[in-house]
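Participant: fold the following for me, if possible:
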Amino acid sequence: MSKEMMPSWEEWNNLTPEQRDYSLFKTLGSIDRKLMENKDATETRVVDCEKRFKKIESQKFFNRVASFLGGIIGGAIAIVGKSLLK
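Facilitator: Numbering: from 1, shown residues only. As a prediction, the model looks like this:
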């Protein structure tokens, strides 16, 4: 049985109860290690996302003004286009 890989089903059936317990222990330890490694990266991402959301939320006024002006300009272009195509 390889130290890095899970045992195959045939190997598992031939293991003693102590060997099975140890294999489960190693597997759970490996999962725990990977979760702890990802925890730091996840926390960093959460902080980055919070900063981005705050920045987006602070731009509400600008977005509303830009939408308003875009509507006026678009409406004016539509009126001019309609009058030119008659």
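
Participant: every contact and neighbour count from this point should use C-alpha atoms.
Facilitator: OK.

Participant: just checking, which helix or strand of this protein averages the lowest pLDDT?
Facilitator: When the helices and strands of the chain are compared on mean pLDDT, DSSP states H and E, helix 17-58 comes out lowest with a mean of 86.

Participant: tell me the centre residue of the chain?
Facilitator: Most central in the chain under CA atoms, centre = their mean is Arg45, positioned 8.6 Å from the mean C-alpha point.

Participant: could you check how far that one is from Arg52?
Facilitator: 10 Å (CA to CA, to the nearest Å).

Participant: could you do Trp9 as well?
Facilitator: 48 Å.

Participant: higher neighbour count, these two?
Facilitator: Taking neighbours as other CA atoms under 10 Å, Trp9 and Arg52 compare with Arg52 leading, 12 against 8.

Participant: separation between the more buried one and Gly75?
Facilitator: Following CA to CA, the distance that separates Arg52 from Gly75 is 33 Å.

Participant: for Glu18, same thing?
Facilitator: Taken as CA to CA, the span from Glu18 to Gly75 is 78 Å.

Participant: more neighbours: which of those two?
Facilitator: Each of Glu18 and Gly75 has its neighbours counted (other CA under 10 Å); Gly75 has more, 12 against 9.

Participant: list the contacts of whatever helix or strand that one lives in.
Facilitator: In the assignment (DSSP states H and E), Gly75 maps to helix 60-84. Taking contacts as CA atoms under 8 Å, 6 or more residues apart in numbering, no residue outside helix 60-84 touches it.

Participant: just use 53 as the starting number from now, easier for me
Facilitator: Noted, 53 is the first residue going forward, which turns the last one into helix 112-136.

Participant: next one: Arg72 from Lys86, what distance?
Facilitator: 21 Å.

Participant: which one's more surrounded, these two?
Facilitator: When Arg72 and Lys86 are compared for neighbours, Arg72 comes out ahead with 16 against 11, by other CA under 10 Å.

Participant: all set now, cheers.
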